[in-house]
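> Build me a structure from this.
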Amino acid sequence: MVQALVQIDDNTNRVLNIVKATYNLTGKGEAIEFVVGFRIKCMNF
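Residues are numbered from 1 along each chain as shown. From the prediction side, this is the model:
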């Protein structure tokens, strides 16, 4: 696993918090993985 310090704007932060709460995720890192994974599946990679 890789650790990274990222800067996100307020809107992205809001969206990640919504994703985190909606899918009962434990942190923003998990929310980022969820969103990226969903996008990858949509693109059929």
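
> next one: the longest helix along the chain to chain centre, how far?
Determined from DSSP state H, the single longest helix within the chain is helix 28-42. The chain centroid and the centroid of helix 28-42 are separated by 5 Å under C-alpha atoms, centre = their mean, to the nearest Å.

> surely residue 16 meets residue 6?
No - between residue 16 and residue 6 there is no contact under C-beta atoms under 8 Å: 10.5 Å. All C-beta spots, glycine's among them, are computed from the backbone N, C-alpha and C.

> So for these two, which residue has more residues nearby?
Between residue 16 and residue 6, counting by other C-beta atoms under 10 Å, residue 16 is the more crowded of the two (20 against 8).

> Could you report the pLDDT at that one?
Note for residue 16: predicted pLDDT of 98.

> same thing with residue 32?
Predicted confidence (pLDDT) for residue 32: 97.

> Ok, residue 44 next?
pLDDT, residue 44: 82.
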